[in-house]
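Engineer: need the 3D shape of this:
(2 chains)
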Number of protein chains: 2
Amino acid sequence: MTSSTRVTKTREPQQDRSRATQQRLLETAVECLAELGWAATSVGLVAERAGVSRGAAQHHFPTREALFMAAVDHMGEQRGQELRGQAAELPDGPDRTLAVLELISGFYIGPLFRAALQVWVTASSDEALRAKVIPLEARFGREVHAATVELLGLDESVEGVRETVMATLDLVRGLALADILTDDSRRRTQVLRQWASVLDQTLEMGV
Amino acid sequence: MTSSTRVTKTREPQQDRSRATQQRLLETAVECLAELGWAATSVGLVAERAGVSRGAAQHHFPTREALFMAAVDHMGEQRGQELRGQAAELPDGPDRTLAVLELISGFYIGPLFRAALQVWVTASSDEALRAKVIPLEARFGREVHAATVELLGLDESVEGVRETVMATLDLVRGLALADILTDDSRRRTQVLRQWASVLDQTLEMGV
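Structural biologist: Next up is the predicted model:
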């Protein structure tokens, strides 16, 4: 065993611990934002809930904004990866469109969307935060759009297809918004079922 | 002139003034909420901006919640009436669907939606407020749904029509959400144009 190996060996667990701490802080930040809102969530509170010392939390994320932006970014990435994993299990054939819509819609339902909504709404009245959130949002938007096109097996060079995909994503974000005050899952299922049937008909006809 | 007439005459201007004060407070509250957010908007600040004394403001609206709820409710009513007024000017014929969509979508774009979003998001992490906001939201949702059905001249007893209208309203709320950080009007026009064409085709075919 060379000394360099030993150095690596002692450093790795430390880096792992640091990464695990960050991960826990980010997950807890999303939970707190979704549950308590921006104003009620401080770095200190997130640290406490995550079982991390306030000092360690502030070392990783000096400000509330830095923590929340990183949290939404990181959790979005992770949910995006989960989405790609689930995509492999989608059925082919006539049930595929609805299954894709439910998968994409599910991406926007739940704590991550609520946390992101807190960030968007805060950013809408805070110029400096807004400037940071816009590119993050644009990147997410592009990724989900590309995933939807791919999962539905669409050709965006066909007229109207790109706009239909955009409409579908605005629809699922509208559905996510409708879910923040009450459990809207029953109505959402009806809407997605109808939209799947409309999509199948119109994409086939090339509307 | 009887004495009762005279009493009415002196009282009316007072009532008018009180109503005008309330109206100014409600309008200013929506502006402040949209521009500054829930946390930064106090009854005192709204009073100051509206040119109303703090005491008079607190007489009408003892709490921030009371003011904000009344503001979103009242302004929603007023925008709803404007919408019904504009409906008379909608074209008939092939351009009608897009014109209706633009009207309904316009209802959700701008300061009122931003203010309402502040209320929804705050309510999502505040049980007591949530209980008050839910019936308000449900009533608005029903009214806009009924207006959309009427303006598009639809028959909801036909299978899928009700769900298509719901999808349309989720879409326009999603579009409104996409507008809170950047001016999304160009993309929105494309999406609404495509949605109008899809609606025309599918409603005709009875999908």
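
Engineer: how about the least confident helix or strand in chain A by mean pLDDT, does it get close to chain B?
Structural biologist: Within chain A, judged by mean pLDDT, DSSP states H and E, the helix or strand with the poorest mean is helix A:3-36; its value is a mean of 79. Yes: against chain B, helix A:3-36 shows contacts by C-beta under 8 Å from any C-beta of the partner chain at A:34-36. Placement of C-beta: from N, CA and C, glycine included.

Engineer: please apply the same query to stretch A:70-84.
Structural biologist: No: in this structure, stretch A:70-84 remains apart from chain B according to C-beta under 8 Å from any C-beta; the gap is never smaller than 13.3 Å.

Engineer: if we can go back for a sec, could you look up the next helix or strand downstream of the least confident helix or strand of chain A?
Structural biologist: The element immediately downstream of helix A:3-36 (helix or strand, assigned by DSSP states H and E) is helix A:43-50.

Engineer: which positions within that following helix qualify as buried?
Structural biologist: For helix A:43-50, the neighbour count (16 or more other C-beta atoms under 10 Å in any protein chain shown) marks A:43, A:45-47, A:49-50 as buried.

Engineer: picking up where we left off before, among the residues of helix A:3-36 next to chain B, who's most crowded?
Structural biologist: Neighbours here mean other C-beta atoms under 10 Å in any protein chain shown. Within the residues of helix A:3-36 next to chain B, the largest count is held by A:Ala34, at 21 neighbours.

Engineer: next one: phi and psi at the residue lying closest to A:Ser185 once chain neighbours are set aside?
Structural biologist: With sequence-adjacent residues excluded and distances taken as C-beta to C-beta, 6 or more residues apart in numbering or on different chains, A:Ser185 is closest to A:Asp179, at 7.4 Å. Dihedral angles phi and psi of A:Asp179 (degrees, to the nearest 10) take the values phi -100, psi 0.

Engineer: tell me the contacts of A:Asp179?
Structural biologist: Each residue near A:Asp179 by C-beta atoms under 8 Å, 6 or more residues apart in numbering or on different chains is listed here: A:109, A:185, A:188.

Engineer: ok, now A:His60?
Structural biologist: The neighbours of A:His60, taking C-beta under 8 Å, 6+ apart as the test, are A:18, A:21-22, A:25, A:67.

Engineer: report the contact partners of the residue nearest the centre of chain A.
Structural biologist: Most central residue of chain A, judged by C-alpha distance to the mean C-alpha position with C-alpha atoms, centre = their mean, is A:Gly76 at 3.1 Å. Residues in contact with A:Gly76 (C-beta under 8 Å, 6+ apart) are A:112, A:116, A:140.

Engineer: so it is in which element?
Structural biologist: Per DSSP H and E: A:Gly76 is located in helix A:64-87.

Engineer: which of the buried residues of helix A:43-50 sits closest to chain B?
Structural biologist: Of all these, chain B sits closest to A:Leu45, with 13.1 Å by C-beta to the nearest C-beta.

Engineer: related to what we said a few turns ago, most neighbours of all the contacts of A:Asp179, which one?
Structural biologist: Within the contacts of A:Asp179, neighbour counts (other C-beta under 10 Å) peak at A:Arg188, which reaches 22 neighbours.

Engineer: so where is chain A shaky, pLDDT-wise?
Structural biologist: Scanning chain A for pLDDT under 70 picks out the ranges A:1-12, A:205-207.

Engineer: swap in 80 and give it another go.
Structural biologist: A:1-14, A:203-207 (pLDDT under 80).

Engineer: for stretch A:185-205, buried residues please.
Structural biologist: Under the neighbour-count rule (16+ other C-beta under 10 Å), stretch A:185-205 has A:187-188, A:191-200, A:202-203 buried.

Engineer: what's the answer for stretch A:66-73, then?
Structural biologist: Buried-residue list, stretch A:66-73, by 16+ other C-beta under 10 Å: A:67-73.

Engineer: can I get the CA coordinates of that stretch in PDB?
Structural biologist: Output in PDB follows, covering the C-alpha atoms of stretch A:66-73 (Å, rounded to 0.1, in the frame of the first residue of the first chain):
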ATOM      1  CA  ALA A  66     -28.300  29.200  -2.100                       C
ATOM      2  CA  LEU A  67     -29.800  26.200  -0.200                       C
ATOM      3  CA  PHE A  68     -33.300  26.400  -1.800                       C
ATOM      4  CA  MET A  69     -31.900  26.900  -5.400                       C
ATOM      5  CA  ALA A  70     -29.500  24.000  -4.900                       C
ATOM      6  CA  ALA A  71     -32.300  21.900  -3.400                       C
ATOM      7  CA  VAL A  72     -34.800  22.400  -6.200                       C
ATOM      8  CA  ASP A  73     -32.100  22.000  -8.800                       C
END
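
Engineer: quick one: contacts for A:Phe61?
Structural biologist: Under the criterion of C-beta under 8 Å, 6+ apart, the contact list for A:Phe61 reads A:25, A:43, A:67, A:70.

Engineer: how far away is it from A:Leu33?
Structural biologist: Going from A:Phe61 to A:Leu33 by C-beta to C-beta, to the nearest Å gives 13 Å.

Engineer: equivalent analysis for A:Arg187, please.
Structural biologist: Taken as C-beta to C-beta, the span from A:Arg187 to A:Leu33 is 25 Å.

Engineer: cool, A:Ala57 as well?
Structural biologist: With distances taken as C-beta to C-beta, A:Ala57 is found 15 Å from A:Leu33.
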